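Enquirer: fold the following, please.
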Amino acid sequence: MTDRPRMLFNAFSMAAVSHHAQGLWAEPDSRQLEYTDPQMWIDLARLLERGRFDALFNADVIAPYERYQGSRDATVHEGMQFPTLDFSTLIPLLAYHTEHLGFAYTQNILQEPPYAFARRMSTLDHLSGGRVAWNVVNSFLPGAGRNLGYGGLPDHDELYERAQDYLRAACKLWEWSWDDDAVVKNRVTRQFADPAKVHEIKHRGPYYAVDGPHLCEPSPQRTPLLFQAGQSAVGQKFAGRHAEAVFIGSQDPGNAASLVAGFRDAARTAGRDPGSIKVFVPRTYVVGSTEAEARRRDTELLERQTIEGNLARMSVFLDRDFAEDDPATPIGELRRRPNLPKELRALLDAGDRDDQTLGELILRIGNRRFPGTPEQIAADVAAWQEAGVDGINLQYVVLPTSFTQFVDHVCPVLQQHGLMQREYTDGTLRDKFFGAGPRLPDDHPARRCDG
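Expert: Below is the predicted model:
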């Protein structure tokens, strides 16, 4: 289909009852209620490795959603991304039961001081043999700011300033505290390391002061593979300086090229190779032996989802409490109301029937999926590749059924077309993504002492 390198594939999940397709944890083929059972995660990791996925990518939140009805009640009732476990504790177990699969861990920069977090990530990198990534995020939930002692969330730009300082401190610990030859391990002299080659970093930033030295000897990657999501101007600038992989929220390959170019330009401005950032899009596929079968299954699954859970989630994502508009109101009636906010009017314009309720519309918008045959799905992946996208963050509808069907029926077709790897290469997760060694490239700011 194309001469470009193969695409990267992450399985997008969450250590919770429900991630995005609210209500479908109750399906008879779902194992989502087993989210606290290690065996469920082991089985999932082995499945993904059989399909030659690059990584299991775990999303996370540090507070319940509470925008809808001004309450967390719907979130709790639905099990919507709440409760949620600390996925980092699962990574060593899953690494033990796999050989190549990577593990991306989401943690926001407010959760833990950079000194302690740097040790956590180095520990995971050691125990996994260099197969971990960190998804660098700024929390979007006010409850996280309250519970972490900030009295609420700092504003958007301040969060990025904090993140910049956090990354500089953590990367100095990973990259500069231990020389490459600091570890001696001499059994005869009983010397483990050379004190002259283990350094304090003396980081002094606007938000964090860290002396060091780093508590861990250098791990296989030193710095974990760095993911980031953020499409604002300040988010793109941040990604251009730090990220090795980013997510864009595009739903159409036709408008993805400009977003991809924006991140490439941001990397170039930061003095980096523009190809040193991999760009991912989220996709959700419903597989069928025929297009009609796939569409029928997609419709059935959508009908079995809960509107309330989706309203709780989308009220946060779209920054509007949809309880204020009465979700049972037909969108045709809402359209006729005077003085509608332009954001709500634009949302209503996405509806295709006047008798469709606001709740039904939100359910559909919050669950955009591509139903099709394996060949049609491969063609969709190829279209994203042609738009300059490097990878797919594959979301499930029902866990593990969605991933099982993809591995059994779609992966072989993708591999046949050169869109997905047939076999793993050796090395760390960074090696597998870029094929250029286990460490950050020399042009990454973290490789400079002022990083």
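
Enquirer: all strands for the stretch 201-350 of the chain, in order.
Expert: 203-204, 209-210, 225-229, 245-247, 278-287 (DSSP state E, counting those that start in this stretch).

Enquirer: can you report how many residues lie near the closest residue to R241 other than its chain neighbours?
Expert: Residue nearest to R241 in three dimensions, not counting chain neighbours: A270, with 4.4 Å by CB to CB, 6 or more residues apart in numbering. Where you see a C-beta, it was placed from the backbone N, CA and C, and this is true even at glycine. Using other CB atoms under 10 Å, A270 has 19 other residues around it.

Enquirer: could you do the one 4 residues further on as well?
Expert: Under the neighbour criterion other CB under 10 Å, P274 is assigned a count of 16.

Enquirer: one more: R335?
Expert: Considering only other CB under 10 Å, R335 is surrounded by 14 other residues.

Enquirer: from Q107, how far out is it?
Expert: From R335 over to Q107 the distance is 42 Å, taken as CB to CB, to the nearest Å.

Enquirer: now do G359
Expert: Applying CB to CB, the value for G359 to Q107 is 33 Å.

Enquirer: distance to L301 and mean neighbour count added to the strands of the stretch 201-350 of the chain, as a markdown table?
Expert: As requested, the strands of the stretch 201-350 of the chain are arranged in a markdown table below (distance: least, CB to CB, whole Å; neighbours: other CB atoms under 10 Å):
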| stretch | distance to L301 | mean neighbour count |
| --- | --- | --- |
| strand 203-204 | 49 | 16 |
| strand 209-210 | 48 | 18 |
| strand 225-229 | 26 | 25 |
| strand 245-247 | 24 | 26 |
| strand 278-287 | 7 | 22 |
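
Enquirer: of all these, which one comes closest to R448?
Expert: strand 203-204 (13.6 Å; CB to CB).

Enquirer: strand partners (parallel or antiparallel) of that closest one?
Expert: Listed by DSSP bridges, the sheet partners of strand 203-204 and their directions read strand 209-210 (antiparallel).

Enquirer: so who does S258 touch?
Expert: Contact partners of S258, counting by CB atoms under 8 Å, 6 or more residues apart in numbering, are absent.

Enquirer: quick one: the strands in the stretch 351-451 of the chain?
Expert: Using DSSP E, counting those that start in this stretch, the strands assigned to the stretch 351-451 of the chain run over residues 370-372, 391-395.

Enquirer: which of the ones you listed sits closest to A45?
Expert: Judged by CB to CB, the one of the strands of the stretch 351-451 of the chain that comes nearest to A45 is strand 391-395, at 14.5 Å.

Enquirer: identify the residues contacting the closest one?
Expert: Contacts to strand 391-395, defined as CB under 8 Å, 6+ apart, come from residues 7-12, 19-20, 53-54, 57, 245, 247, 278-285, 381, 384, 402-403, 406.

Enquirer: how distant is that strand from the center of its chain?
Expert: Using CA atoms, centre = their mean, to the nearest Å, the mean C-alpha position of strand 391-395 is found 9 Å from that of the whole chain.

Enquirer: kindly report the same for stretch 43-59.
Expert: Taking the mean of its C-alpha atoms, stretch 43-59 sits 14 Å from the chain's own mean (CA atoms, centre = their mean).

Enquirer: for it, buried residues please.
Expert: Taking 16 or more other CB atoms under 10 Å as the neighbour-count basis, stretch 43-59 is seen to contain the buried residues 43-45, 47-49, 51-59.

Enquirer: the strands of the stretch 201-350 of the chain into JSON lines, with extra columns for mean pLDDT and distance to T36?
Expert: Supplementary listing: the strands of the stretch 201-350 of the chain in JSON lines, determined by pLDDT from 0 to 100; distance: least, CB to CB, whole Å:
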{"stretch": "strand 203-204", "mean pLDDT": "97", "distance to T36": "38"}
{"stretch": "strand 209-210", "mean pLDDT": "98", "distance to T36": "34"}
{"stretch": "strand 225-229", "mean pLDDT": "95", "distance to T36": "25"}
{"stretch": "strand 245-247", "mean pLDDT": "95", "distance to T36": "27"}
{"stretch": "strand 278-287", "mean pLDDT": "97", "distance to T36": "25"}
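
Enquirer: as JSON lines, these with distance to T189 would be great.
Expert: Formatted as JSON lines, the entries for the strands of the stretch 201-350 of the chain read as follows, by distance: least, CB to CB, whole Å:
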{"stretch": "strand 203-204", "distance to T189": "32"}
{"stretch": "strand 209-210", "distance to T189": "31"}
{"stretch": "strand 225-229", "distance to T189": "36"}
{"stretch": "strand 245-247", "distance to T189": "43"}
{"stretch": "strand 278-287", "distance to T189": "44"}
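
Enquirer: how about the ones you listed, which one is nearest H77?
Expert: Between the strands of the stretch 201-350 of the chain, strand 278-287 lies closest to H77; by CB to CB that is 23.7 Å.

Enquirer: which pair in the buried residues of stretch 43-59 spans the largest distance?
Expert: Taking every pair in the buried residues of stretch 43-59 and measuring CB to CB, the maximum separation is 21.9 Å, between R52 and A59.

Enquirer: L110 is in contact with Y150, isn't it?
Expert: Yes - the pair L110 and Y150 passes the contact test of CB atoms under 8 Å, sitting 6.4 Å apart.

Enquirer: who's more crowded, these two?
Expert: Looking at L110 and Y150 with other CB under 10 Å, you find the greater number of neighbours at L110, namely 21 against 14.

Enquirer: now do the same for the more buried one: its pLDDT.
Expert: Here the pLDDT value assigned to L110 is 94.

Enquirer: leaving out chain neighbours, which residue sits closest to it?
Expert: The spatially closest residue to L110, leaving aside those adjacent along the chain, is L148, at 5.0 Å (CB to CB, 6+ apart).
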